[in-house]
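**Q** I'll drop the sequence and a predicted model, then ask my questions.
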Number of protein chains: 2
Amino acid sequence: MARWEPNARGRLEDAALDLFTERGFDKTTIAEIAQRAGLTERTFFRHFADKREVLFGGSALLRDLLTGAVAEAPADASPLDAVAAALEKAGSLLQERHPYARRRQAAIEANEELLERELVKLASLADALATALRSRGVAAPEASVAAETGIAIFRSAYPLWVAADDSTQLPDCIRAAFATLRGLTAPE
Amino acid sequence: MARWEPNARGRLEDAALDLFTERGFDKTTIAEIAQRAGLTERTFFRHFADKREVLFGGSALLRDLLTGAVAEAPADASPLDAVAAALEKAGSLLQERHPYARRRQAAIEANEELLERELVKLASLADALATALRSRGVAAPEASVAAETGIAIFRSAYPLWVAADDSTQLPDCIRAAFATLRGLTAPE
DNA sequence: AGCCTGATGTCAGTTCATGACATCGAAAGA
DNA sequence: TCTTTCGATGTCATGAACTGACATCAGGCT
């Protein structure tokens, strides 16, 4: 028989999102999260570097997905095409968890500190994308701009999807945002 | 005779940047910053919402400059042109403080929390740009994408300028990044 | 059996952040 | 000039976020 209940990390994540939703991030203490998960405050900090990080456990996964997709894009795909393909793939993954994404996003948007952390995660995704592009032989400036632009697109599309009804597909939103960008930069 | 030394806020900003440079953000306590500025910890928090904010007092200025520049762009300028013009104007302002920008950026890049705050400020600049574009009659999706793209450009250009020698001009870096973007999105 | 490992617990301490109230020059009005 | 009000700062107290050091103990390994 195991000494402890399994999946402490997952229990902490669930407890945290529940409490943030109920009473907000600020009004929730780590002791409360830990208690609801049947653990102690100290153990929380063994699983998450700080209080906010408990909502961002999935971002490493997303990063791997994006870099993998860029690496596997057709050899003749342009940098921006590769980025677009990667973002749409990531969009498909997130699509599967629309209800969860909504709860999580509501909590994030209700709190400045969480918004900060989200932006950092997006920026690190941009870095990962740029690195993946360079591995394809894309020059550094192009890689950086393409990656940052991709994240800019995502930042435009994601809130629309989160706010939309369940039938709206995130990959479609992303495609639409890319089309908008091409319209903006097209010669008159 | 004044009851207190003038410019408490500025003294706190100077003391903070000095200490962050000397021993790093983490190893600096607010009590130390306040003491060096001849004030108390409590007063620090009357001037800045938290410890990081002491490095970001200028961002409101930058936001006003950007929104003003967008508003004053020629009526026939495209959204992206208006954003580009605003960014170059902001670039000129920052150019005047290259040495300060370097010290500040070194401190920021040495600490994850400060990096977070910087990203938030950039995101709020993106929001401000988008709002200014909508005031010009630009539709919401175009405004959002143009603004986010502009900030993406800035994020690509700014580190290059900070790392470059004193003769490098930030507006030039921004123009170059825009040119890179147009190259990326141009039809083959 | 005996040892080791690793996830968790316990406890003490530092720092960040905020609320409540006190202080006292200076500006403004009677 | 006297008095009042105001605003920037100080003092004190407290809660909550984090961190380091050490203890515990089931399960696996030899």
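**A** It's in.

**Q** how about the helices in chain A?
**A** A:8-23, A:30-36, A:41-47, A:59-72, A:79-95, A:98-109, A:112-135, A:140-163, A:170-185 (DSSP state H).

**Q** What about the closest residue to residue A:151 other than its chain neighbours, how many residues nearby?
**A** Excluding the flanking residues, the one nearest residue A:151 by Cβ to Cβ, 6 or more residues apart in numbering or on different chains is residue A:126, at 4.3 Å. Every residue, glycine included, has its C-beta placed from N, CA and C. Counted with other Cβ atoms under 10 Å in any protein chain shown, residues neighbouring residue A:126 total 24.

**Q** Next one: residue A:126 relative to residue B:15, how far apart?
**A** Look at residue A:126 and residue B:15: by Cβ to Cβ, to the nearest Å, they are 33 Å apart.

**Q** For the residue most central in space within chain A, give its distance to residue A:45.
**A** Chain A has residue A:59 as the residue nearest its centroid, 5.2 Å off, counting by Cα atoms, centre = their mean. As judged by Cβ to Cβ, residue A:59 and residue A:45 stand 19 Å apart.

**Q** Kindly report the same for residue A:100.
**A** 24 Å.

**Q** buried ones in stretch A:162-171?
**A** A:162, A:169-171 (16 or more other Cβ atoms under 10 Å in any protein chain shown).

**Q** cool, stretch A:89-100 as well?
**A** A:89-91, A:94-95, A:98.

**Q** What are the contacting residues of it?
**A** A:62, A:65-66, A:69, A:101, A:157, A:161, A:166, A:169-171, A:173-174 (Cβ atoms under 8 Å, 6 or more residues apart in numbering or on different chains).

**Q** let's see 7 Å
**A** A:62, A:65-66, A:69, A:101, A:166, A:169-171, A:174 (Cβ atoms under 7 Å, 6 or more residues apart in numbering or on different chains).

**Q** now do stretch A:15-31
**A** A:32-33, A:36-37, A:41, A:44, A:51, A:54-55, A:103-104, A:107, A:110-111, A:113-114.

**Q** Let's see that with 10 Å instead.
**A** A:12, A:32-42, A:44-45, A:48, A:50-55, A:100, A:103-104, A:106-108, A:110-114 (Cβ atoms under 10 Å, 6 or more residues apart in numbering or on different chains).

**Q** now, which of the residues you listed lie close to DNA strand D?
**A** Subset of the contacts of stretch A:15-31 in contact with DNA strand D: A:41-42, A:45, A:50-52, counting by Cβ under 7 Å from any atom of the strand.

**Q** which of those come close to DNA strand C?
**A** A:41-42.

**Q** about what we covered before: could I get the buried residues of stretch A:162-171 in JSON lines, plus columns for distance to residue A:27 and pLDDT?
**A** As requested, the buried residues of stretch A:162-171 are arranged in JSON lines below (distance: Cβ to Cβ, whole Å; pLDDT from 0 to 100):
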{"residue": "A:162", "distance to residue A:27": "23", "pLDDT": "94"}
{"residue": "A:169", "distance to residue A:27": "35", "pLDDT": "96"}
{"residue": "A:170", "distance to residue A:27": "31", "pLDDT": "97"}
{"residue": "A:171", "distance to residue A:27": "36", "pLDDT": "97"}
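
**Q** Could you report the pLDDT at residue A:1?
**A** Looking at residue A:1, its pLDDT stands at 65.

**Q** quick one, domains of chain A?
**A** A:8-51, A:56-185 (automatic domain parsing).

**Q** what would the ones you listed look like in CSV with distance to residue B:85?
**A** What follows is these, written out as CSV (distance: least, Cβ to Cβ, whole Å):
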stretch, distance to residue B:85
domain A:8-51, 38
domain A:56-185, 15
